[in-house]
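J.: 3D, please:
(2 chains)
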Amino acid sequence: MSTATLAPEEPGLEAPPPPPEERQTSKAAIVAAILVVFAIAATILNGRDTRPLARSDLTGFQNWLGDLSDKLESARDSSAILQGLGHISDALDSVAQFLAELVSEPALPRPVPEIGWLGVIAVAVWIALAIAGWRMAVLTGLSFAAFGLFGFWTASMETLIVTFMSVAICLVIGIPVGIWMGRSRRATSVLTPILDGLQTLPSFVYLLPITLFFSIGVAAAVIVTLIYALPPVIRISAHGIRSVSKETIEAMQSLGTSRSQMLRKVQLPMAKRTIIVGVNQTIMAALSMATIAAFIDGPGLGKPVIKALESLDVGRAATAGLCIVIMAIMLDRVTTAASIRSEALPSAHSRRNRWIGLAASGVVAIVCVVLSRQYLDLATFPDKPDLGRPFAEGADSVSTWLSDNAASVTGAIKDAITYGLLNPLQELIAQSPWWLVALVLIGLSYVLGGLRSLVTTIVCIGVILGVGLWQDSMVTLTMTLVATILTMVLALVLGVWMAQSRGVDMVLRPVLDAAQVVPPFVYLVPALALFDPTRFTAIVAGIVYASPVAIKLVCDAIRDVSPTVIEAAESAGSSRWQIITKVQLPMARKGIQLAANQGMLYVFAMVVIGGLVGAGALGYLVYAGFTQAELFGKGLAAGIAIVALAIMLDRMAQGTSARRARTGNRRFLRSPFAGS
Amino acid sequence: MRTTTRRVRLAGVIAASALLTLSACGGGDIEDDKASGGEKCDQTVNMAINPWVGYEASAHVVGKVIENELGCKVEYKDLKEEVAWQGFGKGTVDVVIEDWGHPALEKKYIEGDKSAIDAGPNGNVGQIGWYVPPWMVEKYPDITDWKNLNKYADLFRTSESGDKGQMLDGDPSFVTNDEALVKNLKLDYKVVYAGSEAALITAFRQAEKQKKPLLGYFYAPQWFLSEVELKKVNLPEWTEGCDADPAKVACDYPETKLKKIVATKFSDSGSPAYDVVKNFTWTNDDQNLVAKYIAEDKMDPDEAAQKWIDDNADKIKAWVG
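T.: This next block holds a predicted model:
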């Protein structure tokens, strides 16, 4: 779930000039006025027209959604389209089987895979060397060794296979679609809402329908991953094509270049690096689906994580989680390095050296493959040394120590925030008449985002009312807002600190990377022990997942403030604190707003996980829809409501950041957790 | 995809690795391949694994018996109930070894498209109910009677339940009447949804460790009960038909005879594996023991199953017939 980048970018629609300072002030005044009127009206009208829906009740629309799935299921065997999907599923299965026999499963009649661990590592290192240089080759070698040493060699290979397959399909579909979207306004306007929907729809909503069509196992896992990982590659490819400067294109046009020549000779080469960044984002998104896919028997590292949750085996979950983190960081760093390298133009001399080096190391790799096919010790990863057990025991004891000793402190924090912020806000938003809240939302969106945002908000409110889950949506909205506020507090403190000090950056960045990719199921049990099953636990999960992005964006924004301005302020005798508050923060405002917007979307991605730890509301309903046939329709309705909420808030927030400065777009194209 | 040349090469490699195995390394893979199979059975039995440890215990014991005695291959698939039932018609799932009763699924797949049949009880008896941690019963002995729950409602107040006591529910896939019960028994409580079994167990574990009050939905058989022996609160006794109307339920949960559901295709196949599944029954204590091997002693499910099988040869005989 590492890419929550909803980015409705329109070709040729340039950002309007930032509004003058006075307009900003008057806007703020209007917003404040709306909120005051809201608070007063809400106090008077508390508890009326809140549109609640009891847990086991279903509206007509929700029943209709439920029936729809039954109809699809009964049509499954007769319809030609569905049978076609069956063929796709079979094809995916056989490719996966082929790859599995190559590296992870016994390739009968051989008792072991075609290529043993030594060969796999050698080939992986060689590939990293070829595309990303020797540092990355070392990193790759260490990472692969870690998979085996921590005891998850086979599961890691399976995860790599699923990731590889879905990313390959993503690129085959995504890059052409992205290019099309980058060159056509109409494509953009059709695709943007679809991509927004795909990226915010919780995957638990489509898990069941997918098993209807693609059965369970590898094929379904690949499809689930594909759905989630496709939008970023489309968006980023489109952006890459669009960001080729107008002047270049005009110059080429005047030379009589045709549209297809333009694409091949100008737009594609210039967009190459951005597109590789898209590949990177897609890999990360695909990897973050590993645990979700395990719910439908998807192979790989997700399985031990989910399994360990049943017996609350924190240690085992953490070890498998660690392998996912290592894999994510490896793939991220290698693709990032590859994208940077693709821009550098080596001299003829160094190019020749490089070829010689590659050829030599290629021979070594081949020898390793051959050896790993002949010696059993080089084929199955040795059991010893086993780093997994000590790591698991360590993680277990840390978790136990925390839950025994820190629970009273964390309980106090939970109570303070629940009673001080969450409950009052929920009283205001979820216990007020729906029409009052709707009016406030519409008013705010118009003031902040203008007419376009107004229309979006009205549509989204209509959708939420239509699916019949108003009050639950408002409860979820409240939690999302609180989580976003806390995320931003954290992001401002840590982001500024990181921007000031290289040392802090060096320590924090890997932690943030890990927090972003470790599957939330790994830290669910300790979080529950510390905060009980409550809405606050869900908020904590949201913060853990969203703050790395927000912190990095804030840090980047502060660093981007021009050094000359800071020097000027310093020479004028400003203190450190004054520089931060008076110079850096105001000048980084756009970047900070972007961080808030992204942070919020990431929080939304955790709504369903929140439902698993006591958040109730929409997240719980989505999960309930996945687990109980009777509630499928309601779960789908809840998923739709989540999409509507996320899109509404996203557009509103974009309005705040003055139609999203172009710098913003560039910034979050950067890999979510590449070193800057 | 396989060519003859590759086969020849493969044969060489196999010979080489076989030699190596003989000489030194003793890799487990080859051994496993040969160990399975007393009789000839070329069938693969697809066993769904629903996500709780007790289920896993039953599934692996039955699976291990099928492998050991019949030589069939057993594949385990980790699936939630709903997804598992979907698999009956498609041939991806043959056996659900522990079903707690899913009227909607039964209607759809047993009566509806007839892709599944009921293969009888598995001997386990499920008891859903309201539970409190043991320390509470020591301190407040009369708390196990529902009539006293209102007296203690204040104890159970949390940040989630407002000015009422909290009744903690679990995973949404479990059957629950709790909202109706609270209403119909006029209890001063609010049902709060923990959302997952992990959340529920963690809450009870913390409640016992830190002597915090907690009232929650729980069930036997469950491995956690061997760690903390939760005490059941007695709701008005269950009588036939008292829970017929879900909105008017005011009685305790009935005991559920857990049963086996199998794919119709599997039962019609005449496979000896089906007979083992059909004959399989054991007790809650049996299951809790194997579940404890897995959850607390952290044994591999297959090892845990084998250990129990070794200790209970007589029971196995009855299943194999």
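J.: ranges for the strands of chain B?
T.: Using DSSP state E, the strands of chain B run over B:44-49, B:73-78, B:95-99, B:116-132, B:165-169, B:189-193, B:215-220, B:231-233, B:255-263.
J.: Domain-wise, how is the chain divided?
T.: Since no chain was named, I'll use chain A. A:33-45+A:59-72+A:410-658, A:156-316 (the TED database).
J.: you looked at the wrong chain, it should be chain B
T.: If you go by the TED database, chain B breaks into B:44-124+B:256-320, B:127-255.
J.: Any chance of these in CSV with mean pLDDT and mean neighbour count as columns?
T.: Quick note: C-beta positions are derived from backbone N, CA and C, even for glycine. Formatted as CSV, the domains of chain B follow (pLDDT from 0 to 100; neighbours: other C-beta atoms under 10 Å in any protein chain shown):
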stretch, mean pLDDT, mean neighbour count
domain B:44-124+B:256-320, 91, 20
domain B:127-255, 90, 19
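J.: between those domains, which one is nearest to A:Arg55?
T.: domain B:127-255 (5.9 Å; C-beta to C-beta).
J.: Can you say which of the domains of chain B is nearest to A:Gln500?
T.: domain B:127-255 (36.4 Å).
J.: Could you give the average pLDDT over stretch A:254-270?
T.: Stretch A:254-270 carries an average pLDDT of 76.
J.: I would like the residues contacting it, please.
T.: Stretch A:254-270 has contacts (C-beta atoms under 8 Å, 6 or more residues apart in numbering or on different chains) with A:Ile179, A:Gly182, A:Arg183, A:Gly240, A:Ile241, A:Val244, A:Thr248, A:Ile249, A:Met252, A:Gln253.
J.: Now the terminal residues of that stretch, how far apart.
T.: 19 Å (C-alpha to C-alpha, to the nearest Å).
J.: Let me have the strands of chain B in a markdown table, extended by distance to chain A.
T.: Formatted as a markdown table, the strands of chain B follow (distance: least, C-beta to the nearest C-beta, whole Å):
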| stretch | distance to chain A |
| --- | --- |
| strand B:44-49 | 9 |
| strand B:73-78 | 5 |
| strand B:95-99 | 13 |
| strand B:116-132 | 13 |
| strand B:165-169 | 7 |
| strand B:189-193 | 5 |
| strand B:215-220 | 9 |
| strand B:231-233 | 19 |
| strand B:255-263 | 14 |
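J.: With distance to A:Gly619 added, can I get the ones you listed in JSON lines?
T.: What follows is the strands of chain B, written out as JSON lines (distance: least, C-beta to C-beta, whole Å):
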{"stretch": "strand B:44-49", "distance to A:Gly619": "25"}
{"stretch": "strand B:73-78", "distance to A:Gly619": "22"}
{"stretch": "strand B:95-99", "distance to A:Gly619": "27"}
{"stretch": "strand B:116-132", "distance to A:Gly619": "24"}
{"stretch": "strand B:165-169", "distance to A:Gly619": "15"}
{"stretch": "strand B:189-193", "distance to A:Gly619": "10"}
{"stretch": "strand B:215-220", "distance to A:Gly619": "19"}
{"stretch": "strand B:231-233", "distance to A:Gly619": "29"}
{"stretch": "strand B:255-263", "distance to A:Gly619": "28"}
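J.: what's the closest of the ones you listed to A:Ser215?
T.: Of all those, strand B:73-78 sits nearest to A:Ser215, with 10.4 Å by C-beta to C-beta.
J.: So which elements touch the closest one?
T.: helix A:302-310, strand B:44-49, helix B:53-65 (3 or more C-beta pairs under 8 Å, 6 or more residues apart in numbering or on different chains; DSSP states H and E).
J.: Between these, which one is closest to A:Met648.
T.: Closest approach to A:Met648 among the helices and strands packed on strand B:73-78 (C-beta to C-beta): helix A:302-310, 31.4 Å.
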